[in-house]
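Chemist: Generate coordinates for the sequence data below:
(chains A, B and C)
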Amino acid sequence: MKHLTEPAYIRWTLIIVALLFLGLFLILPLVAVFTEAFRQGAGVFVASITDEETLSAVKLTLLVAAISVPVNVTFGIAAAWAIAKFSFRGKNVLLTLIDLPFAVSPVIAGLIFVLLFGSQGVAAPLLAAWDFKIIFAVPGIVLATTFVTFPFVARELIPVMEAQGRDEEEAAVSLGASGWKTFLRVTLPNVKWGLLYGVILCNARAMGEFGAVSVVSGHIRGMTNTLPLHVEILYNEYQFAAAFAVATLLAALALVTLILKSLIEWKTERQAKLDEEQHYDVTGERAG
Amino acid sequence: MSIEVVNITKSYKSFTALKNVNLHIPEGELVALLGPSGSGKTTLLRLIAGLEQPQEGSILFHGEDNTNRDVRERQVGFVFQHYALFRHMNIFDNIAFGLSVRSRKTRPSKEEISEKVHSLLKLVQLEGLAHRYPSQLSGGQRQRVALARALAVEPKFLLLDEPFGALDTKVRQELRRWLRHLHGKLGLTILFVTHDQEEAMELADQVVVMNEGRVEQVGSPEEIYHHPANPFVYSFLGRVNLFHGRIQNGKIKLGEAEFETDWKDKAVEAPAVGYMRPHDVEISLRPSEGKSARSVQAVINHISLLGPIVRLDLKRLDTDEVFEAEMSRQRFLELNVEEQSIVNVTLHNVSIYVESQPLQTHPPALVPLQASV
Amino acid sequence: MRKSLSTRGFLPGFGMTMGYTIIYLSLLVLIPLSVLFLKASTMSWEQFIGTIMDTRVLASIRVSIMTSFFAACLNAVFGVLVAWVLVRYQFAGKRIIDGIVDLPFALPTAVGGIALTSIYAENGWIGQYLAEWGIKVAYTPIGIWVALTFIGLPFVVRTVQPVLQDWDLQMEEAAATLGATRWNTFWRVVLPHLLPAIITGFALAFARALGEYGSVVFISGNMPLKTEIVPLLIMTKLEQFDYAGATAIATVMLVISFVMLLIINYLQWKINKFDAAR
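Modeler: Modelled structure (predicted):
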């Protein structure tokens, strides 16, 4: 419709300007990562990726994600159940508190754990007595990562669960299902895509977190080095090709994340469209 | 300003919204576009406004071709079904919008705009609400703001899309009366879309009945109610009884009832359908004299007492067809009948439509016949 | 008790999930965060002010706020443009472009940081041409601005996009029937409606930029007084074991972040109110 759009030349100018902006700020850096990685040839690339320190960084990154993601998924589900399926006072306060880690700088997220568990920290005497290290060790990295990825799953699940309402759960319970059965058989199938969406975002951040982990890790090679930290070390040692080679692993992770994310969005969109059409069939009403 | 719609066809991807529509709307009339949802009435309204482009045909305002003119230059006042008021502007700014977006040369001064807006607020009886926001108004008030906003640009005519659709019954009644009054006062051509036949009959000088992208009939409310052009119009306007039968020897037989017609071709034998309004069913306890040809016997299945009128659900004994009869409460008390009573029924004002021989006449496939009474 | 039960519904598991939520939230987030304030409160007022009023600290706060503000501004303008193009126009590859907008959320910040540095360094793809014009990007505040624009890019797009998608086109049709040009319609009808979403996106991008570390640290050059941002200064203090100094600066940062969070929540509430009033 003519009156609802602009002349073609304005339309194409706007599209081109938008694409140039995105190209400059998003696509160019992505291309740069892969180009720089192969600057010194495939040999250096393969050597950097199969390097022992790189492999141990990969292992640590996977380990950290394997702990912090499930922990946050459990929390996200519990929080979403309590918030979306019940009404209580102070719900908005609780929602704001859950959002807190998003508002905290990653460096500060690391700092608070140093203040708690560091050598001069609040809990230092206790840790010394048990001979247990958190800061400059793996537990600190896990803690900091869990902190920064804390809201992801809850944030995705709460709106989805709220939109579902609680009629179906109440029906299930009134038919004699236990709470756990109701959750597994009624709630979970309804929110599975929202949950997966949250898990993917949570995982991407967990594997890619830099600032918070950088504060608590101590950068001990082969010990407390995650992939992003390893990239930093290589870069600061002027091993640029190696740094970018390791960075391609993380960039690939980002691309996979984006693809999965788009797939889920596409799937839920289609589902919503189907639901809408069904709705029309029932009411039979459309504007004449 | 008169509106002429010539041979308009409009189709979307998979379906045709309007097929060869022709329509003439004389200056100064209040006209209703009436039809079920999906009949194309809103599409027609949007085409006249210039919000849609037709594939074929043309639209003339006062004889001047406007088909390819942009909506901004057509100077029509359009009131949307859900009003489409600008939410972030107060009532004053909403009404002033059309004037204040004009180019500097043609824009009235601030004082003139303010004066105009206040006179419009007075016209729509919303003085004192100029600084409210749309969200602070009731549905009826929003409707009137939308009207005032459309009137502010001094349009050639007003187009209203389901103007009372979203309002409750009482407000609707009030606004109908008010719109009639406004029409009388301004003398503007007004075209409105509705699916409510009562609304169309009550308000309009002319009613355009539409169905499946076609205009079925144009006429005064009186004409379309009492002389419907075809079965669709008949059944769309109010309650209707339907009887099936045949035409034989120039006479129409609906079960045992028989009707004389002016049907010339006596050799033709074809199925026929009779339509009649429930209030044209006459009920008596004994067969009435001299009308026996149009009388049949029926049993009362159910009696509904609806305040001033009484509705009977009946079943014909000869054909088992069910139908309705309506009468005044007084007449019902006089008759003194109850459910399962068997009564004598005389059918008045039956409109009979005969399915014509395909070779003899082309569409419409059903031709109206005046039953002789 | 009975009353609260009836309004809450009869689904099981409220006590357990709520308890778990509160305990987990407290242990992981609330207690560690409060330690920061606890630590800050052990400092004397003079000590605290002395740390904050240091030239280097003030300079870093200025650099952080200025670069974050300008990055959020650029994102506000281009975010609206990108959202508009994605919602209103059709072109090849639109789905892919729509997906790639979230890249800064998915790409680890360190990777983004080194990639941008390599592009804008004096021998980089873009840096070499800018150098001919005498413009230095990497290792200057402009570089910080570029990095912060990168990480804040999705926010405005993702807040404006849904509002634009739900937007009632009849509003624009109404403006057209009243004789408004496209430009007038956009400027006076569409944009005011998008404004709360734009401000929310702006605030989110700004808040994120203030705390950003990973993507900036490589491109900024980290020169005290010139290109040192607040998170980096906290890091430096930590490496020097100046925990008190780091805590004081972090407290100020955190207060600014919380104020931003409050503003964002208020704006969200306002948007919802707008929509409810429809």
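Chemist: How is the chain divided into domains?
Modeler: In the absence of a named chain, this looks at chain A. A:1-37, A:42-283 (automatic domain parsing).
Chemist: hmm, I had chain C in mind actually
Modeler: C:1-42, C:43-276.
Chemist: that older thread, chain C: which of the domains of chain A is closest?
Modeler: domain A:42-283 (2.8 Å; Cβ to the nearest Cβ). Glycine gets a C-beta too; all of them are placed from N, C-alpha and C.
Chemist: can you list the weak-confidence ranges in the chain?
Modeler: Let's take chain A. By pLDDT under 70, the weakly predicted segments of chain A are A:1-2, A:220, A:222, A:278-288.
Chemist: looking at chain C here, not the other one
Modeler: Applying pLDDT under 70 to chain C flags residues C:1-9, C:271-278.
Chemist: returning to what we had before: give me whichever of the domains of chain A is most buried.
Modeler: Mean neighbour count (mean count of other Cβ atoms under 10 Å in any protein chain shown) peaks for domain A:42-283 among those, with a mean of 19.
Chemist: do you know which of the domains of chain C lies nearest residue A:231?
Modeler: Evaluated over these, closeness to residue A:231 peaks at domain C:43-276, with 5.2 Å, by Cβ to Cβ.
Chemist: what's the neighbour count on the residue of the stretch 101-250 of chain B found nearest chain C?
Modeler: Going by Cβ to the nearest Cβ, chain C is nearest to residue B:135 of the stretch 101-250 of chain B, at 3.2 Å. A count of nearby residues for residue B:135, using other Cβ atoms under 10 Å in any protein chain shown, gives 13.
Chemist: That one and chain A, how far apart?
Modeler: For residue B:135, the distance to chain A equals 22 Å [Cβ to the nearest Cβ, to the nearest Å].
Chemist: host element of residue B:85?
Modeler: In the assignment (DSSP states H and E), residue B:85 maps to no helix and no strand.
Chemist: ok, it touching residue B:147?
Modeler: No: taking contacts as Cβ atoms under 8 Å, residue B:85 lies outside contact range of residue B:147: 11.0 Å.
Chemist: before we move on, the earlier item: need the domains of chain A in JSON lines (columns: distance to residue B:303).
Modeler: Shown next, in JSON lines, are these (distance: least, Cβ to Cβ, whole Å):
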{"stretch": "domain A:1-37", "distance to residue B:303": "54"}
{"stretch": "domain A:42-283", "distance to residue B:303": "33"}
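Chemist: now for these, which one comes closest to chain B?
Modeler: domain A:1-37 (4.7 Å).
Chemist: and that closest one, how far from the chain's centre?
Modeler: 26 Å (Cα atoms, centre = their mean, to the nearest Å).
Chemist: Check whether it comes close enough to chain C to count as a contact.
Modeler: Yes: counting by Cβ under 8 Å from any Cβ of the partner chain, chain C is contacted by domain A:1-37 at A:3-6, A:11, A:14-15, A:17-19, A:21-22, A:24-30, A:32-33, A:36.
Chemist: pLDDT at the closest residue to chain A within chain B, what is it?
Modeler: As assessed by Cβ to the nearest Cβ, chain A sits closest to residue B:37 within chain B, at 4.1 Å. On the pLDDT scale, residue B:37 is placed at 88.
Chemist: repeat for residue B:372
Modeler: Residue B:372 is given a pLDDT of 35.
Chemist: State the three-state secondary structure for residue B:344.
Modeler: strand (DSSP: H, G, I helix; E, B strand; the rest coil).
Chemist: picking up where we left off before, phi and psi next, for the residue of chain B closest to chain A.
Modeler: Torsion angles at residue B:37 (phi, psi; degrees, to the nearest 10) stand at phi -70, psi 140.
Chemist: ok, residue A:243 - contacts?
Modeler: When contacts are counted by Cβ atoms under 8 Å, 6 or more residues apart in numbering or on different chains, residue A:243 touches A:231, A:232, A:234, A:235, C:114.
Chemist: The third one contacts residue A:242, doesn't it?
Modeler: Yes: with contacts counted by Cβ under 8 Å, residue A:234 reaches residue A:242, the gap being 4.7 Å.
Chemist: Now do residue A:255 against residue A:30, distance only.
Modeler: 8 Å (Cβ to Cβ, to the nearest Å).
Chemist: ditto for residue A:80
Modeler: For residue A:80, the distance to residue A:30 - Cβ to Cβ - is 33 Å.
Chemist: Show me how chain B divides into domains.
Modeler: B:3-236, B:241-370.
Chemist: Which one of those domains lies nearest to residue C:241?
Modeler: Set against residue C:241 and scored by Cβ to Cβ, the domains of chain B come closest in domain B:3-236, at 53.9 Å.
Chemist: chain center to that closest one, what's the gap?
Modeler: Distance, centroid of domain B:3-236 to centroid of chain: 14 Å (Cα atoms, centre = their mean).
Chemist: Sticking with residue 247, tell me its helix or strand.
Modeler: By default, I'm working from chain A. Here residue A:247 sits within helix A:240-283, counting by DSSP H and E.
Chemist: Sorry, I should have been clearer: chain B.
Modeler: Per DSSP H and E: residue B:247 is located in strand B:241-248.
Chemist: Next: residue C:154.
Modeler: Using DSSP H and E, the element containing residue C:154 is helix C:141-166.
Chemist: which of the domains of chain B sits most buried?
Modeler: Buried most deeply of the domains of chain B, by mean count of other Cβ under 10 Å, is domain B:3-236, with a mean of 18.
Chemist: show me where pLDDT drops low in the stretch 151-300 of chain B?
Modeler: For the stretch 151-300 of chain B (pLDDT under 70), the answer is B:262-267, B:287-292.
Chemist: So which bits of it are right by chain C?
Modeler: B:152, B:153.
Chemist: Run through the helices of the stretch 151-300 of chain B in chain order.
Modeler: B:169-186, B:197-203, B:221-226, B:231-236 (DSSP state H, counting those that start in this stretch).
Chemist: now for the contacts of residue A:243, which pair is the farthest apart?
Modeler: A:234 and C:114 (9.4 Å).
Chemist: in what helix or strand does residue B:353 lie?
Modeler: strand B:351-355.
Chemist: Just want the angle from that strand to strand B:241-248.
Modeler: If you take axes from the mean of the first three to the mean of the last three Cα atoms, to 10 degrees, strand B:351-355 sits at 50 degrees to strand B:241-248.
Chemist: for the stretch 51-200 of chain B, what spans make up the strands?
Modeler: For the stretch 51-200 of chain B, the strands defined by DSSP state E, counting those that start in this stretch occupy B:56-61, B:64-65, B:76-79, B:157-161, B:189-194.
Chemist: The closest residue to chain B within the stretch 1-150 of chain C in helix, strand or coil?
Modeler: Nearest residue of the stretch 1-150 of chain C to chain B (Cβ to the nearest Cβ) works out as residue C:90 at 14.8 Å. Of the three states, residue C:90 takes coil under three-state DSSP.
Chemist: Count the neighbours of it for me.
Modeler: The number of residues near residue C:90, taken as other Cβ under 10 Å, comes to 7.
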